[in-house]
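In: quick one: sequence plus predicted model below, questions after.
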Amino acid sequence: MGKKKGRGRDGGPRTQADGSRCMDSRPTSVQLLSTWTGDSAPSLLVVADAERLVFNAPEGWQRLCVEHGVKVARVSTLCVTDLSPSAVGGLPGYMLTAADAGLKSLRLCGPTGLQAVLASTRHFMRRDDLSVAVEEAAPSAAAAPCLGAAGGDRLVSVEAVVIESDGDGGGDGAAVDGENAVDDDGAAPPAAKRAKSDAPPDAASDAPPDAAPAAPQSTPPLVSASYVCRTPRVLGKFDVKKAAALGVPPGPLFGALKRGETVTLADGRAVEPSQVVAESKEGACFLVVHCASAAAVAKLAAHAAIAPFLRGAAALDCAFHLTPPAVATTAAYASFLASFPAGVAHVAAHATLPSPYATQRRDARLLRRLEPACYAEPGGAGGAGLRVEGRVVDGRPLLKYVLVPRDGRGLDASEVPAPEAADAGDWDAAVARGVLEAAANIAAARAAAPPDALRDARDAELVFLGTGSAIPSKHRNVSGIYLRCRNAPGTATPAPLPAPREPGAGLLLDCGEGTLGQLHKVYGGATDAVLAGLGAIWVSHPHADHHLGLPALLAARRRLAAPPVALMAPWPVLRFLADYGRAFADVRGTYEPVECQWMGERAPNPAAATLRETLGLEACFCVPVVHCAQSYGLVVRSADGWSLAYSGDCRPSRELAAAARGATVLVHEATFEDEFWEDARAKRHSTISEAVAVGADAGAARTVLTHFSQRYPSIPYVESGDDGDRRRLASVVLASDLMHVSFPQLAWAPTLLPALKLLYGEEEPAEPAA
């Protein structure tokens, strides 16, 4: 096939005789995918014809893409503003998903240390078919071209402006210690700014290296990247009539004139491009602005790549401000904004907005109407917006700035979702009747006396932060459970409330990507108290969906000056955190590592004293289970008399059932419906019936099912047709995201199932997202 009109060798812009990059008009826009809220950080999507470029893949980025209908496999280029979870937290999960969807190559650009972040993931993930090219930009007096010199054949050229500033490693800046970022063998990374590597491999050794995080010798400076982005000049129209009048024959000479070359005709006359081609039009320019600290603001304003825009010496259409709220709301930042010429559009990602996960908000509202005692109304609003009179637009998810075509340039809010109604919509008559009947059954069960084992565990409460498997979906986040073990000192046990109880002291069971944001949704302004009262964290196995939320959560505890938390995890997870901490200092010194392999029932738990003092646990031990290498279940026993077992991911385990004998509660994975038993066996998961059977074998007072395959849009199908099924399910609870239930409430929680079936109806299973 021939070349497309007006484009270069592979369809990109072409270089004119004068060295300028020009192209015919191709639709190009920048769209805000998310903003700063309690459960999200900003991300931008640039669409230029068939190209896709993303700025920042924060925690929860895949879930955002599902929510907004963005096909992740089409995104092959990402630029990041720093190395914090708010910029790169979603990157490992995205790489896994995109590789499984068939993406063959990925280009990453960011500040120094990005290669080290990528290398840290080698302990738990590997995709040999995905080639990853990493371009690092160091602090410099000049902007650093990214993604190919001068943009190459790309429709949007990108230059990185990296600023280094003093700081304490707090906030959302990337604290980079390039000299100390070492590979696993102790060798320093290559000095070249650009390196190409395969996606990180799995950890394969049976003998773990020392997993303790290295103590920083000094606090490195904060490093953050802003970006200058330009589209090529738009080619002027070639006038065929003028060319014919001058005697230029159709063919190669037409092409030469379009490229800006002077041609000589057969009679010796020279024809200049200006005689037959209209003058090209200036391309568009936009900034992606990120300052890690207040000190960085002045440095960015004075930078040689940014100062011309402030003086009006260089044309600028729009600036997207992704700076963390703590910096963006300072007087220094307001002064920086005011220094831009009046014609520049500013889009700030700091307005007070609800969570961008609209589907989960609707789910929670629906469930709360059914039973407010167990389902939270999700919070997660952002902070105050930027206020510079007449200059700043409050960014909202899916707000777009059109760059090309020129006559359409400007803001476009046509895709911004309309504000949601306060209620979840009316139920139809049949559902309403069924819900009323189910509600009566719930009320009757609530009035009955709970079993002694549940009644006596009044302080214990489960909060489900993620109940889906593998990758997040609209309805379910990936794994995370908060077990509230006891009240705060001196606090009386409260009566059941239509909201989660006071934070008290708790244990986090798994910490998938987005766990911190889910805590914000449940606890709102009390989230800091939950984090400060966190007595320990336990991770079941090294798969990404069970631990990628750790960096953000640990960094949040560091900002609270909380003491190091006991982190009980398989050694690959601990090694990942140690390596990541060399690039992002907010993780350093935030945890005391305890390897799961040394936590057998008869082995002394190194964290035993801490667990006893902070959480009142007299036993906490691991049970090896069949899933991947380094997979474990957990059993905890409280001094108050209750006990809980958690399966993690696994096939049904007799050993776990034996260790959990007589448990008050068993939380067990139920990834697959019963008809998919072959998939469960092949992927080393459990079916619903298998999970229920383990609970019965253990004699657990209640079995709570979680970790459902994302192929089920809302709830999996649970057969309850005959008397045997009903007896079997009388002690079974299906968990859902943001569900909070005390142990006494588990006595009547199984009666929620019929109402849940009515609310969600019979939905066709969806294929797991690619």
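Out: Received the coordinates, thanks.
In: my read: L729 touches V692, true?
Out: Yes: L729 is in contact with V692 according to C-beta atoms under 8 Å; the separation is 7.4 Å. Where you see a C-beta, it was placed from the backbone N, CA and C, and this is true even at glycine.
In: give me the nearest residue to the residue of the chain most remote from its centre, chain neighbours excluded.
Out: Centroid-distance maximum for the chain: D267 at 65.7 Å, with C-alpha atoms, centre = their mean. Of all residues not flanking D267 in the chain, G247 sits nearest, at 7.5 Å (C-beta to C-beta, 6 or more residues apart in numbering).
In: now that neighbour: how far from A266?
Out: 9 Å (C-beta to C-beta, to the nearest Å).
In: which one's more surrounded, the two?
Out: G247 (11 against 7; other C-beta atoms under 10 Å).
In: got the contact list for that one?
Out: By C-beta atoms under 8 Å, 6 or more residues apart in numbering, G247 lies in contact with 265, 267, 269.
In: now for the last one, how many residues are close by?
Out: By that I understand R269. Applying other C-beta under 10 Å, we find 11 residues neighbouring R269.
In: dump the residue contacts of it.
Out: R269 touches 246-247, counting by C-beta under 8 Å, 6+ apart.
In: quick one: mean pLDDT for stretch 26-38?
Out: Stretch 26-38 comes out with an average pLDDT of 92.
In: now do stretch 708-722
Out: Mean predicted confidence for stretch 708-722 is 73.
In: C-terminal to the helix or strand bottoming out on mean pLDDT in the chain, what's the next element?
Out: Among the helices and strands of the chain, strand 194-198 carries the lowest confidence by mean pLDDT, DSSP states H and E, at a mean of 35. Moving toward the C-terminus from strand 194-198, the next helix or strand (DSSP states H and E) is strand 222-230.
In: all strands for the stretch 501-650 of the chain, in order.
Out: With strands called from DSSP state E, counting those that start in this stretch, the stretch 501-650 of the chain shows them at 505-511, 534-538, 565-569, 591-595, 617-624, 632-638, 643-646.
In: now those in TSV, with mean neighbour count, mean pLDDT and distance to R63?
Out: As requested, these are arranged in TSV below (neighbours: other C-beta atoms under 10 Å; pLDDT from 0 to 100; distance: least, C-beta to C-beta, whole Å):
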stretch	mean neighbour count	mean pLDDT	distance to R63
strand 505-511	26	96	16
strand 534-538	24	97	22
strand 565-569	26	98	23
strand 591-595	22	97	25
strand 617-624	21	96	29
strand 632-638	24	97	26
strand 643-646	26	98	23
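In: can I get those strands in CSV with distance to W61?
Out: Listed next are the strands of the stretch 501-650 of the chain as CSV, based on distance: least, C-beta to C-beta, whole Å:
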stretch, distance to W61
strand 505-511, 17
strand 534-538, 23
strand 565-569, 23
strand 591-595, 24
strand 617-624, 31
strand 632-638, 28
strand 643-646, 27
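In: and the host helix or strand of H668, what's its mean pLDDT?
Out: Taking DSSP H and E as the definition, one finds H668 inside strand 665-669. Average pLDDT, strand 665-669: 98.
In: could you do stretch 83-97 as well?
Out: 95.
In: how far away from the center of its chain is it?
Out: Mean-position distance between stretch 83-97 and its chain equals 6 Å (C-alpha atoms, centre = their mean, to the nearest Å).
In: all helices of the stretch 451-600 of the chain, in order?
Out: 452-455, 515-523, 527-532, 550-559, 571-583 (DSSP state H, counting those that start in this stretch).
In: circling back to that earlier point, of L729 and V692, who's got more company?
Out: Neighbour count, other C-beta under 10 Å: between L729 and V692, V692 has more, with 24 against 19.
In: and that one, that's in a strand?
Out: No: secondary structure of V692 (DSSP: H, G, I helix; E, B strand; the rest coil): helix, not part of a strand.
In: so it makes contact with R728?
Out: Yes: contact criterion C-beta under 8 Å: V692 and R728 qualify, at 6.0 Å.
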